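Trainee: Mind folding the following:
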Amino acid sequence: MKKFKYSLILISALIFFSCEKETEGISRVTYYVDLTLKGNPVEFTQLGGSYDEPGWTAIQEGEDVSGDVKVSGSVDTNKAGLYNITYSAVNVDGFAKNVTRKVVVYDPTPSPLESGLYKVSKSSSRTSFGSGPGSAGSSEFSSEPTILIYQVSPGKFYTSDFIGGYYEVGRGYGATYAMTGNFLLNDDLTITLVDSRIAGWGDGLDDVVNGSYSPETKTLTYTAQYALSYDFNIIATKQ
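Mentor: The predicted structure follows:
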């Protein structure tokens, strides 16, 4: 029995030293590039104007490597829209760090509704009309997401999320569950739905009702009706 125990100890020691030898020099600390954007994560530029890149800084273990950053994406200032510019930096071990800036090209035609970022109030709510047990009821938002609204042509506006980030941010489903689309601002400051789409489910809103804008408070309020089962009562104020 003792001989058997000694054999096990010897085999274990051989395995330990073998593994130690194989992994020697493999374990190490890697430092990612500290990549920071200058300016804002969302930049606005007028249709027909020019986009001036604010720039960036990149630091690798105390060394400025800003010149090694790769930039992809472009901005067409002759076409209103939302553009993404991606900045990429790779450290000495081949690990990448990516940062994205959104650039909005908007129509500067004077309008009571200003293009910009709008904070969704916690007083916003979702009302459910489902027929299943416990499915009906109303609940306020648990956070205050920010949505983007900008003018694409005189009186026509794009929104990054008609339902105020409820699924994208509140439920954590991600950007493909934002209800993007367009609406019209009427002369009486009411709004009319033009189109909408939530990519994650491949459908859109039934309608937008009771929509109005207050220039005094820079607040947009409306009810977005979805899937014949939900009313999203949105209150969004310009930041």
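Trainee: What distance do you get for the residue most central in space within the chain to residue 169?
Mentor: The C-alpha lying nearest the average C-alpha coordinate of the chain belongs to residue 175 (Cα atoms, centre = their mean; 5.7 Å). Here the criterion is Cβ to Cβ, to the nearest Å. By it, residue 175 lies 10 Å from residue 169. All C-beta spots, glycine's among them, are computed from the backbone N, C-alpha and C.
Trainee: Can you give me the pLDDT of the residue nearest to the centre of the chain?
Mentor: For residue 175, the pLDDT comes out at 95.
Trainee: That one: what's it in contact with?
Mentor: By Cβ atoms under 8 Å, 6 or more residues apart in numbering, residue 175 lies in contact with residue 168.
Trainee: switch the cut-off to 10 Å
Mentor: Residues in contact with residue 175 (Cβ atoms under 10 Å, 6 or more residues apart in numbering) are 160, 161, 168, 169, 199, 200.
Trainee: before we move on, what about residue 51?
Mentor: So residue 51 contacts 43, 44, 45, 74, 75, 76, 77, 83, 85, 103, 105 (Cβ under 10 Å, 6+ apart).
Trainee: Can you go through these and name the buried ones?
Mentor: By neighbour count, with 16 or more other Cβ atoms under 10 Å, those hold 43, 44, 45, 75, 77, 83, 85, 103, 105 as buried.
Trainee: quick revisit: out of the contacts of residue 51, name the ones that lie in strands.
Mentor: 43, 44, 45, 83, 85, 103, 105 (DSSP state E).
Trainee: Could you pull out the residues contacting both of residue 175 and residue 169?
Mentor: residue 161.
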